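1. pasting a predicted model and its sequence here:
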Amino acid sequence: MHGQFSPSPVTRNTDAANPQSESVGFGLDPNSLNLTEGIELNLEIQVSLDMTYVDPDGLSGNEADSGILELNGIQIGSKESPIDVNNVRNENLFEPNELALVQNLFIDVDPVQGMFITIEEIGDDQGNGIDIGIQDIFLGTREKSAGGLLIEDISNFVRDDKLAQHNQLFSMGLQTLDDGKNTELGNWIEFRSQVLTEEVGNTTSVSVPDLGSLNENLPGFGANTTIDASFALYIDKFAWIDSDEQGVNREFGLAAIMIYDGLDTNGDGIDDTVGPAKLSEMKIETVDHVSYDGRNVQALYIENLDFKADISIASIYVGDPVTGSLGALQIQGIDTAGTSVWIYEH
């Protein structure tokens, strides 16, 4: 969010004996796995593309009524200055040198422990992250644009001043845990993910330390992929861009969004530390399924969509995040444990 704000200072936990990798509840820990040498990537990204989904028979079931969902003019980079609402729908949103950064991306693959992915840094240590602009969203037909979309500064770097803003708004005392990198303005919170696959009939326990029931026998009714992930994100702006009949662009959106999982590190019942949101032991496979109308179908089955997170939004706004703010919103204790999803044709 770009505006004037003078937050109170944030206390930063710099206890060297309690780094993120050793903190209880801080998500997946690569140090607990027997990982060998893998590959490391540093990325500078600028991308443009279009995406189109086609429903060949629409709601009526007739081919003549096919419809589309299209994201037209997707552009990904990192703007050096705040993105003006009137520039989002331009064909050249980014200059050639305005590249999004992803630093220290590690990939390790093991025959027993599966694939482990770590991303240490999305964006830079000033909070400048990945920007995404979409020129038009078409629903049904390309003759009808629902507007554009802007997602500005996606980052896993939590700045002290931004965190202080959320603390002040919601009367909290959150701090970030030291990332061990001597960053001056805040701390990184790593993205970590593990993907583990078990085959039909495998009843052998797989040893994956510190990942809970992943150590239990997995069901033997088909190829079964289990995904664990932990991450925290700060997003400066998520906005829908609309144009009136005169071509004037306006926006409605969310500003200063933080996705995390609050941790109570001292046992007093109050969250005091910004930890990563967690996706735990989500299993994906294809199965035979009976549809809502009694048909036997093949379905993509997502079992145990167990996601735990808190979401904090400093401003819900129309026009300008500061002068057009409708208020702030905090959602605490999101927990979807036990949720399952079947996806199939209709």
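-> Good, I have the coordinates. Numbers count the residues shown, from 1 in each chain.
2. what residues sit buried inside stretch 98-111?
-> Neighbour-count burial for stretch 98-111, counted by 16 or more other CB atoms under 10 Å, picks out Ala100, Leu101, Val102, Gln103, Leu105, Phe106, Asp108, Asp110. From N, CA and C alone the C-beta is placed, and that goes for glycine too.
3. swap in stretch 77-94?
-> Gly77, Ser78, Lys79, Ile83, Val85, Asn87, Val88, Arg89, Leu93, Phe94.
4. over to stretch 270-280?
-> By neighbour count on 16+ other CB under 10 Å, the buried set for stretch 270-280 is Asp271, Asp272, Thr273, Val274, Gly275, Pro276, Ala277, Lys278, Leu279, Ser280.
5. tell me who's in contact with the fourth one.
-> Just to be clear, that refers to Val274. Residues in contact with Val274 (CB atoms under 8 Å, 6 or more residues apart in numbering) are Val158, Leu163, Leu174, Gln175, Thr176, Leu177, Ile189, Ala232, Met258, Tyr260, Gly262, Leu263.
6. adding neighbour count, write the residues you listed out as CSV.
-> CSV is the format used below for the contacts of Val274 (neighbours: other CB atoms under 10 Å):
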residue, neighbour count
Val158, 26
Leu163, 24
Leu174, 24
Gln175, 21
Thr176, 26
Leu177, 24
Ile189, 28
Ala232, 26
Met258, 21
Tyr260, 25
Gly262, 18
Leu263, 18
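7. what is the nearest of these to Ser312?
-> Ser312 has its nearest neighbour among the contacts of Val274 in Met258, at 4.5 Å by CB to CB.
8. on the three-state scheme, the closest one is what?
-> Assigned with DSSP: H, G, I helix; E, B strand; the rest coil, Met258 falls in the strand class.
9. so what's it bridging to?
-> Tyr234, Ser312 (DSSP bridges).
10. could you check how far it is from Leu163?
-> As defined by CB to CB, to the nearest Å, Met258 lies at a distance of 8 Å from Leu163.
11. what kind of secondary structure is Gln165 in?
-> Under three-state DSSP, Gln165 falls in the helix class.
12. okay, now it: neighbour count?
-> Gln165: 23 surrounding residues under other CB atoms under 10 Å.
13. for Asp161, grab phi and psi.
-> phi -70, psi -30 (degrees, to the nearest 10).
14. tell me the one of the buried residues of stretch 270-280 nearest Ala314?
-> Nearest member of the buried residues of stretch 270-280 to Ala314, counting by CB to CB, is Val274, at 14.6 Å.
15. I'd like the average pLDDT over stretch 75-93.
-> The pLDDT scores in stretch 75-93 average 90.
16. against Lys237, how distant is Gly253?
-> 6 Å.
17. hey, what's in contact with both of these two?
-> Leu150, Pro321.
18. where does pLDDT dip in the stretch 201-346 of the chain?
-> 201-223 (pLDDT under 70).
19. can you pull out the strands in it?
-> 224-231, 233-243, 249-263, 273-275, 277-290, 296-303, 306-318, 325-335, 341-343 (DSSP state E, counting those that start in this stretch).
20. which of those sits most buried?
-> Burial of these is given as mean neighbour count (mean count of other CB atoms under 10 Å); strand 273-275 ranks first at a mean of 26.
21. how far is that one from where the chain is centred?
-> Relative to the chain's own centre, strand 273-275 is displaced by 16 Å; criterion: CA atoms, centre = their mean, to the nearest Å.
22. same question, stretch 285-303
-> Distance, centroid of stretch 285-303 to centroid of chain: 28 Å (CA atoms, centre = their mean).
23. kindly check the end-to-end length of it for me.
-> Using CA to CA, to the nearest Å, one end of stretch 285-303 lies 8 Å from the other.
24. give me the distance between Ile107 and Gly114.
-> 11 Å.
25. same question, Asn92
-> Plainly put, Asn92 is 41 Å away from Gly114 if you go by CB to CB.
26. before we move on, the earlier item: adding distance to Phe138 and secondary structure, write the buried residues of stretch 77-94 out as JSON lines.
-> Below are these laid out as JSON lines (distance: CB to CB, whole Å; DSSP: H, G, I helix; E, B strand; the rest coil):
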{"residue": "Gly77", "distance to Phe138": "23", "secondary structure": "strand"}
{"residue": "Ser78", "distance to Phe138": "26", "secondary structure": "coil"}
{"residue": "Lys79", "distance to Phe138": "25", "secondary structure": "coil"}
{"residue": "Ile83", "distance to Phe138": "22", "secondary structure": "coil"}
{"residue": "Val85", "distance to Phe138": "20", "secondary structure": "coil"}
{"residue": "Asn87", "distance to Phe138": "20", "secondary structure": "coil"}
{"residue": "Val88", "distance to Phe138": "16", "secondary structure": "coil"}
{"residue": "Arg89", "distance to Phe138": "13", "secondary structure": "coil"}
{"residue": "Leu93", "distance to Phe138": "19", "secondary structure": "coil"}
{"residue": "Phe94", "distance to Phe138": "22", "secondary structure": "coil"}
